[in-house]
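Peer 1: Mind folding the following:
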Amino acid sequence: MKHAIWVFFLALLTSCAQLGNKDFALPQKVTFNQHVASIIHHNCTPCHRKDGGAPFQMLSYHDVVKRAKMIKAVTADRYMPPWPADPDYRSFVGERYLTEREIAILDKWIEDGSEEGDDEPPTPPVFPTGSMFGKPDLVVSFRDSVRIDGNNLDHFMVMKVPFEIPQDTFIRLIEFVPGNRELVHHMNGHLLNYDFDKKADVFEGSHVVRDVDGSTLETYYALSVANDDGSFPTLTPSVSNYLPGVLPAIYPKGIGAYSVSQKAAFLIKNMHYGPAPKEAYDQSYFNVFYADAPPQRPLKEWMLGTLGISEVQPALVVPPDTIMTVETNFKVPQDVSLLTINPHMHLIGRSFKAWATTPDGEEIALISIPKWDFRWQYFYTFHQMLKIPKGSVIHAEGIYDNTLENPNNPYDPPKMVIEPVNRDMKTTDEMFQFIITYLPYQTGDENISLEPDSSLFKY
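Peer 2: So this is what the prediction gives:
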């Protein structure tokens, strides 16, 4: 069973498509059991399953056949499976992108009558409950349900999610699982490590400060973040982040682990719930997977653009009925190895593209998203570490569409959309960010695979 699970999981993470070649043969008769099931199970079932985040299941023939016409429509225009990045520009780990042949097979299956076939029905993949990665070593849940007022407004909260473990150890992966997927918009989580004798009760204080405009000392005191003597514990930033569609990156052993103390807490400095028409509740949780050794190479991060280390030019102020282009540029101060990148825009984003130009004039493709979709924002991991030489300039370019031609425009008629500074971002505000996870370059990095290793997780 464990082997079967990882066959399907790794197939999901490596199902890259080669586009443009339409000269292929199709079976004379297409059936679900022989041809369609494997496509569905590899590309759709990981989300369309119990606890998978999608609104319905796609495991069996009966699950799929009743939605056959819908499947034909959403795969023909590449609305599903969701993979915004252009695989011809740059390929990444975990692409869920159908080949032209796979789309043609699904289309022919409809034309052939959507038959199940006489072959033995294939066994759907089996996934762990409550996780995309396996059985965690530790589950840290919100201690209480969080109330979200039904007033059609965005809500921003700061939270402390404390926990205790038997002994100090190391963490190699933290998976945030939203309890209310419809309303959890984004989460930025940090790790607090307490010296055992400096904090008698890590659970004391409030666990939620509601509707705050930024984090303040008053907020931290309300959460009892400080040690008993008033000093503050060690903070490891950005150990877990969530956006719609995002899964945490899995790196090779020895890269990116975190130290965690016997007494600790996740500090969520920005928990953003989207507007709700009626009162709702959320009880999200963290799945924690331990490492057996400290990291040999700790991760580093750059955030370009909004609130980051490089300026957005021109200023991200988009007047009504306007389509405008902005950019941000950053000169790399040393040889680095890129692991994962994360473009970020909001509702009126139309396209995103990033590349690097070396001192010798070589252009290194990073990512192109021709049709931005706010609902699907991934941490894109390269197949192998990507070397960017010292002195290279990383360029990111975004196009924003503040017209009624943009179906995602939150306003009708369009209104001025701006990039607020020093406060929490509402969904209807805008951002232009390019987040880069990297390591200082070491000889041979470009040969290190970033494909997931199934032996690092268990079921």
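
Peer 1: Name the surrounding residues that touch stretch 56-72.
Peer 2: 32-33, 36-37, 40-41, 44-45, 48-50, 80, 106-107, 109-110, 114, 116, 121, 124 (C-beta atoms under 8 Å, 6 or more residues apart in numbering). (C-beta placed from N, C-alpha, C; glycine too.)

Peer 1: now those: which count as buried?
Peer 2: 32-33, 36-37, 40-41, 44-45, 48-49, 80, 106-107, 109-110, 114, 116, 124 (16 or more other C-beta atoms under 10 Å).

Peer 1: Which ones among the residues you listed lie within helices?
Peer 2: 37, 40-41, 106-107, 109-110 (DSSP state H).

Peer 1: need the residues you listed in TSV with distance to S337, can you?
Peer 2: Putting those into TSV (distance: C-beta to C-beta, whole Å) gives the following:
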residue	distance to S337
A37	39
I40	36
H41	34
L106	38
D107	41
W109	43
I110	45
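
Peer 1: Go through those and name the one nearest F379.
Peer 2: Nearest to F379 among these is H41, at 23.8 Å by C-beta to C-beta.

Peer 1: Might you report the residue contacts of that closest one?
Peer 2: H41 touches 8, 59, 122, 124-125, counting by C-beta under 8 Å, 6+ apart.

Peer 1: Would you mind measuring from it to W109?
Peer 2: Taking C-beta to C-beta, to the nearest Å as the measure, H41 falls 14 Å from W109.

Peer 1: repeat for I39
Peer 2: From I39 to W109 the distance is 9 Å (C-beta to C-beta).

Peer 1: Tell me how many other residues crowd T234.
Peer 2: 12 (other C-beta atoms under 10 Å).

Peer 1: Which helix or strand contains S351?
Peer 2: Using DSSP states H and E, the element containing S351 is strand 349-357.

Peer 1: quick one: buried residues of that strand?
Peer 2: In strand 349-357, counting by 16+ other C-beta under 10 Å, buried: 349-357.

Peer 1: that older thread, ChimeraX command to pick out the buried ones of the contacts of H41?
Peer 2: Remark: buried members of the contacts of H41, expressed as a ChimeraX selection using 16+ other C-beta under 10 Å:
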select :8,59,122,124,125
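
Peer 1: Could you work out the most separated pair of the contacts of H41?
Peer 2: The span of the contacts of H41, defined through C-beta to C-beta, is set by F8 and L59 at 11.3 Å.

Peer 1: overlap in contacts of the two?
Peer 2: 41, 45.

Peer 1: Just the buried positions in stretch 224-240, please.
Peer 2: For stretch 224-240, by 16+ other C-beta under 10 Å, it's 224-226, 233, 236, 239-240.

Peer 1: Run through who's touching that stretch.
Peer 2: 160, 171, 174-176, 187-195, 198-200, 204-206, 220, 248, 258-259, 265-267, 286, 301.

Peer 1: Quick check: end-to-end length of that stretch?
Peer 2: End-to-end distance of stretch 224-240: 21 Å, with C-alpha to C-alpha, to the nearest Å as the criterion.
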